[in-house]
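Trainee: Have a look at this prediction, sequence included:
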Amino acid sequence: MPSATLEQVISNARALVQSSQSDKALEILSPLIPGNENNVFLLQIFGEVLLETNDLETAYEVLTAACELDPEANAGTEKFFYLGQIIGGNDGLKCLDTGLSKLNNQLSLIENNQGENDQILVDLSKIYKDKESLIKYLIKKLNQGIFAKIEIWMTDLCMEPEAEQQCNDLISYSLRLDGQNPEALSLLASIRISQQKPEEAKDSLLKSWELFHSKKAQLEESANKIQNESSEVVNDDNADAFEVGVEYIELIQPLLTLARFAIELELYELAMTITSNTQDINEDILDAYYYEAFANILSAKKIFADSNNINKDQEDYRDLDLKAVKTSKDENIKQLLDEAKSLLTQGFKIINSDIGADSEPELVEQVNDLLNQLGGPSMADLMPQRRNEADEEGWEDEINSDEEN
């Protein structure tokens with residue numbers, strides 16, 4: 001293991017990455033690299049931070065070096081998972097298999113009450129106090145590798161004759177490990193979409209959302225409980241609150257992915273519900289407003305097509321010109337388009353805020369394009385909210401008080 005000082009810096013860097021402060025993590029790690037080029041633990045977290053800060057080329061070099069120093073993943077599997085996803089193709093699969101093989105071995109050791117000679121498991125046992133929690137952690141890591149392999153088979157190797165069977169085998173294995181994993185069910189929905197099995201895809205998606213929604217509610221309940229009990233055991237509660245907060249934030253990306261699948265399957269109301277729940281977690285995620293607005297627009301187009309007897313043999317309703325849909329007198333259509341405009345205006349505000357620079361250019365273009373088609377931003381949504389009457393009462397006293405201070 002690294003020295004105590006270096007170990008603490010690595011721990012601090014990992015905490016910064018988990019709290020979306022990768023730039024700060026990069027600042028504290030970069031000066032340590034000279035002289036520590038053979039420290040696998042340092043290179044592993046450094047490579048991860050470089051990925052988070054979009055330095056893909058340097059991340060590839062660092063992670064490659066880390067994997068060469070630890071070819072059997074005795075010092076951890078993350079570097080093989082990251083490198084496998086960067087490389088892709090058959091070579092990427094080999095990297096992922098190295099990590100998966102190690103995790104499978106560690107899972108077997110824990111299930112058989114062994115592992116005292118595996119330093120990683122010894123260290124993990126200090127964090128995860130009981131066998132069940134440690135097994136849950138290892139299964140979560142295994143699924144990360146399994147999902148990455150499925151992604152490669154669905155993209156880089158999708159034209160290979162065994163691609164479909166590989167995806168089926170991998171997702172089945174994942175669900176055997178944990179049949180209640182919402183991300184696995186979401187990925188199963190994606191696989192079924194690609195296989196043009198929409199009903200099976202919808203079934204998996206609905207199950208996934210049910211589990212995600214339940215997990216979100218449980219995390220919110222846990223956060224409230226910790227907050228209410230925070231005065232009793234401060235240190236433990238701070239650690240628990242951080243862990244719950246990280247898990248809560250980690251819901252954002254898989255929920256956005258699930259919303260996208262819902263749109264593909266024409267489950268527009270569900271897509272709106274999912275994106276709305278995403279905004280509960282973080283109200284500054286541009287993708288959430290775009291997906292919800294897009295679901296509203298497609299829902300309006302569908303109603304328009306149905307009311308005008310336009311069937312898919314004539315024209316796919318999703319390809320209808322929005323100008324024509326806007327002419328409709330149908331109140332449901334008007335309401336959907338108004339809601340879409342309001343949501344896109346919220347997106348417009350994010351684009352033009354301090355965090356807007358981090359938005360994907362293609363997404364920004366799509367938001368602006370749809371907003372222009374709907375007549376531009378909603379002025380009512382651009383204006384700051386007025387105080388209600390209860391807030392306005394006593395405002396003169398507040399000003400006088402401030403002046404006195």
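Mentor: That came in fine, so what should we check first?
Trainee: Remind me what the helix or strand hosting residue 184 packs against, helices and strands.
Mentor: With secondary structure defined by DSSP states H and E, residue 184 is part of helix 182-194. Judged by 3 or more C-beta pairs under 8 Å, 6 or more residues apart in numbering; DSSP states H and E, the packing partners of helix 182-194 are helix 131-154, helix 163-177, helix 198-228, helix 252-264. Glycine gets a C-beta too; all of them are placed from N, C-alpha and C.
Trainee: how far is stretch 361-373 from where the chain is centred?
Mentor: Offset of stretch 361-373 from its chain centre (C-alpha atoms, centre = their mean, to the nearest Å): 22 Å.
Trainee: ok, now stretch 136-153?
Mentor: Here stretch 136-153 is found 15 Å from its chain centre; the criterion is C-alpha atoms, centre = their mean.
Trainee: Over to stretch 38-58?
Mentor: The chain centroid and the centroid of stretch 38-58 are separated by 20 Å under C-alpha atoms, centre = their mean.
Trainee: pLDDT averaged over that stretch - what is it?
Mentor: Across stretch 38-58, the average pLDDT comes to 95.
Trainee: and that stretch, which residues are buried?
Mentor: Counting neighbours by 16 or more other C-beta atoms under 10 Å, one finds that the buried residues in stretch 38-58 are 39-52.
Trainee: for stretch 270-289, same thing?
Mentor: Applying a neighbour-count criterion of 16+ other C-beta under 10 Å, the buried positions in stretch 270-289 are 270-275, 277-279, 281, 285-289.
Trainee: contacting residues around it?
Mentor: The list of residues contacting stretch 270-289 from outside it, by C-beta atoms under 8 Å, 6 or more residues apart in numbering, reads 205-206, 209, 212-213, 216, 248-249, 251-252, 255-256, 258-260, 262-263, 291-292, 295-296, 343-344, 346-347, 350-351, 353, 355, 359, 363-364, 367.
Trainee: same question, stretch 347-359
Mentor: 284, 286, 289, 290, 293, 364, 367, 368, 371, 377, 381, 382.
Trainee: would you list the residues you listed in CSV and tack on secondary structure?
Mentor: Shown next, in CSV, are the contacts of stretch 347-359 (DSSP: H, G, I helix; E, B strand; the rest coil):
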residue, secondary structure
284, coil
286, helix
289, helix
290, helix
293, helix
364, helix
367, helix
368, helix
371, helix
377, coil
381, helix
382, helix
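Trainee: of the residues you listed, closest to residue 179?
Mentor: Within the set of these, residue 290 lies nearest residue 179; the separation is 32.3 Å, counting by C-beta to C-beta.
Trainee: Nearest to residue 87 among the buried residues of stretch 270-289?
Mentor: Among the buried residues of stretch 270-289, residue 287 lies closest to residue 87 (C-beta to C-beta), at 26.6 Å.
Trainee: can you tell me how far that closest one sits from residue 208?
Mentor: In this structure, residue 287 lies at 18 Å from residue 208, with C-beta to C-beta, to the nearest Å as the measure.
Trainee: got the contact list for residue 268?
Mentor: Contacts of residue 268 (C-beta under 8 Å, 6+ apart): 262, 295, 296, 298, 299, 302.
Trainee: would a markdown table of those with pLDDT be doable?
Mentor: Written out in a markdown table, the entries for those read as follows (pLDDT from 0 to 100):
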| residue | pLDDT |
| --- | --- |
| 262 | 98 |
| 295 | 98 |
| 296 | 98 |
| 298 | 98 |
| 299 | 98 |
| 302 | 96 |
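Trainee: okay, and for this structure, where does confidence drop off?
Mentor: Using pLDDT under 70 as the threshold, the predicted model of the chain has low-confidence ranges 1-4, 230-239, 384-405.
Trainee: Find the centremost residue of it, please.
Mentor: For the chain, the residue whose C-alpha lies nearest the mean C-alpha position (C-alpha atoms, centre = their mean) is residue 253; its distance is 1.8 Å.
Trainee: Report the separation between that one and residue 268.
Mentor: When C-beta to C-beta is the yardstick, residue 253 and residue 268 sit 21 Å from each other.
Trainee: what do you get for residue 75?
Mentor: When distances are taken as C-beta to C-beta, residue 75 and residue 268 turn out to be 47 Å apart.
Trainee: swap in residue 95?
Mentor: The spacing between residue 95 and residue 268, counted by C-beta to C-beta, is 39 Å.
Trainee: what does residue 212 give?
Mentor: When C-beta to C-beta is the yardstick, residue 212 and residue 268 sit 18 Å from each other.
Trainee: and if you look at residue 147?
Mentor: Note on residue 147: its distance to residue 268, by C-beta to C-beta, is 26 Å.
Trainee: returning to what we had before: how much space is there between the residue nearest to the centre of the chain and residue 213?
Mentor: Here residue 253 is placed at a distance of 16 Å from residue 213 (C-beta to C-beta).
Trainee: Setting the sequence-adjacent residues aside, check what's closest to residue 381.
Mentor: The shortest distance from residue 381 to any non-neighbouring residue, by C-beta to C-beta, 6 or more residues apart in numbering, is to residue 345 (4.1 Å).
Trainee: quick revisit: tilt between the helix holding residue 184 and helix 252-264?
Mentor: Taking axes from the mean of the first three to the mean of the last three C-alpha atoms, to 10 degrees, helix 182-194 and helix 252-264 form an angle of 30 degrees between their directions.
Trainee: and helix 182-194, how far from the chain's centre?
Mentor: A distance of 15 Å separates the C-alpha centroid of helix 182-194 from that of its chain, computed with C-alpha atoms, centre = their mean.
Trainee: Could you count how many residues lie near residue 206?
Mentor: Residue 206 is surrounded by 16 other residues when neighbours are defined as other C-beta atoms under 10 Å.
Trainee: same question but for residue 360, I mixed them up
Mentor: Neighbours of residue 360 under the rule other C-beta under 10 Å: 10.
Trainee: so how far is residue 351 from it?
Mentor: Separation of residue 360 from residue 351 (C-beta to C-beta) stands at 11 Å.
Trainee: about what we covered before: let me have the buried residues of stretch 38-58 in JSON lines, extended by distance to residue 69 and secondary structure.
Mentor: As requested, the buried residues of stretch 38-58 are arranged in JSON lines below (distance: C-beta to C-beta, whole Å; DSSP: H, G, I helix; E, B strand; the rest coil):
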{"residue": "39", "distance to residue 69": "9", "secondary structure": "coil"}
{"residue": "40", "distance to residue 69": "5", "secondary structure": "helix"}
{"residue": "41", "distance to residue 69": "10", "secondary structure": "helix"}
{"residue": "42", "distance to residue 69": "11", "secondary structure": "helix"}
{"residue": "43", "distance to residue 69": "7", "secondary structure": "helix"}
{"residue": "44", "distance to residue 69": "10", "secondary structure": "helix"}
{"residue": "45", "distance to residue 69": "14", "secondary structure": "helix"}
{"residue": "46", "distance to residue 69": "13", "secondary structure": "helix"}
{"residue": "47", "distance to residue 69": "12", "secondary structure": "helix"}
{"residue": "48", "distance to residue 69": "16", "secondary structure": "helix"}
{"residue": "49", "distance to residue 69": "18", "secondary structure": "helix"}
{"residue": "50", "distance to residue 69": "17", "secondary structure": "helix"}
{"residue": "51", "distance to residue 69": "18", "secondary structure": "helix"}
{"residue": "52", "distance to residue 69": "21", "secondary structure": "helix"}
